[in-house]
Structure formats: C-alpha cells, structure tokens
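Visitor: sequence below, structure please.
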Amino acid sequence: MVNNGEKDVLLKMHQFYAEEARNQRSMMWETVKWFTPALLAIHGAWGLIYTNASLGLSKQEVCALLLVISIGGMVFSYICIRILGNFYRTNFIYISMFAKIEDELDFDIAGKKKKELLF
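Guide: The predicted structure is shown next:
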C-alpha cells in the first residue's frame, strides 16, 4: 500500500501518462490526416499519366515519369510508416506506464479480488 505522499506523486504521474498517450494518438491522427491526401494525389497523378499517355510525351518519358512518381510515392509511404511506428511505440510505452500506475494505486480493486478468488 502506498502512503499519501507517494499517492499524490502517482496520481500526477497517472495524469501525465494519460495526457501524453492522448497527445500521441492525436499526433498519429494528424500524420494520417496529412499523408493520406498526399498519397492519394500521388496515386491519382500516376493513374492519370498512365491512362492518358497522350500528353505529348514519348513512351520513354512517360515511363520515366511514372517511375519517378512511383518511387516518390514509396518513399513518402515509408516516411509515413516510420512516423506512425514511432508514435505507436511511444504511445504503447505511455499506456504501459499508465496501467502500471493504475495497478499501483489499486484502481481495479474488483478485478484483483476476482483474480484472488480464481487462484
């Protein structure tokens, strides 16, 4: 059992980790919100050039343009995946710490009693 001083510190930590986890989720949403339209625009440009190859360009120029757009889209997707992975990993750490503090503060007393009855 924790004393009142420790409980105050744990409650502040609980609030901090809850807020940081919420912040990480909002940053994940912002990443998705901005990367998705950009990737859709890249995909649309590729499809437009591919289906309407009569832009006055030679076949080699069209192929080179499609290749550059494809590589750009893949690089952009890789960056997005890396950013989301970092946010996800950090969010997982915050949520784990949040759960540990809840366990330390005995927030789930009913769940602990059920576990004790089972074992």
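
Visitor: what is the least confident helix or strand in the protein?
Guide: helix 109-118 (a mean of 60; mean pLDDT, DSSP states H and E).

Visitor: who does the top helix by length along the chain touch, helix- and strand-wise?
Guide: If you go by DSSP state H, the chain has its longest helix at helix 4-51. With contacts taken as 3 or more C-beta pairs under 8 Å, 6 or more residues apart in numbering; DSSP states H and E, helix 4-51 sits against helix 59-104. In this view, the C-beta of every residue, glycine as well, is placed from N, C-alpha and C.

Visitor: and the angle for the helix it packs on with helix 4-51?
Guide: 160 degrees (axes from the mean of the first three to the mean of the last three C-alpha atoms, to 10 degrees).

Visitor: name the helices or strands packed onto helix 59-104?
Guide: So helix 59-104, by 3+ C-beta pairs under 8 Å, 6+ apart, packs with helix 4-51.

Visitor: just how off-centre is the helix it packs on within its chain?
Guide: 5 Å (C-alpha atoms, centre = their mean, to the nearest Å).

Visitor: and the pLDDT at residue 85?
Guide: pLDDT for residue 85: 89.

Visitor: flag the shaky bits of this protein, pLDDT-wise.
Guide: 1-2, 53-55, 108-119 (pLDDT under 70).

Visitor: repeat the analysis, applying 80 as the threshold.
Guide: Applying pLDDT under 80 to the chain flags residues 1-7, 14, 52-58, 102, 104-119.

Visitor: tell me the buried residues in stretch 80-96?
Guide: 80, 83, 87, 90-91, 94-95 (16 or more other C-beta atoms under 10 Å).

Visitor: what do you get for stretch 8-25?
Guide: 10, 13-14, 17-18, 20-21, 24.

Visitor: residue contacts, residue 95?
Guide: Neighbouring residues of residue 95 by C-beta atoms under 8 Å, 6 or more residues apart in numbering: 17, 21.

Visitor: could you do the one 3 residues further on as well?
Guide: Contact partners of residue 98, counting by C-beta under 8 Å, 6+ apart, are 14, 17-18, 21.
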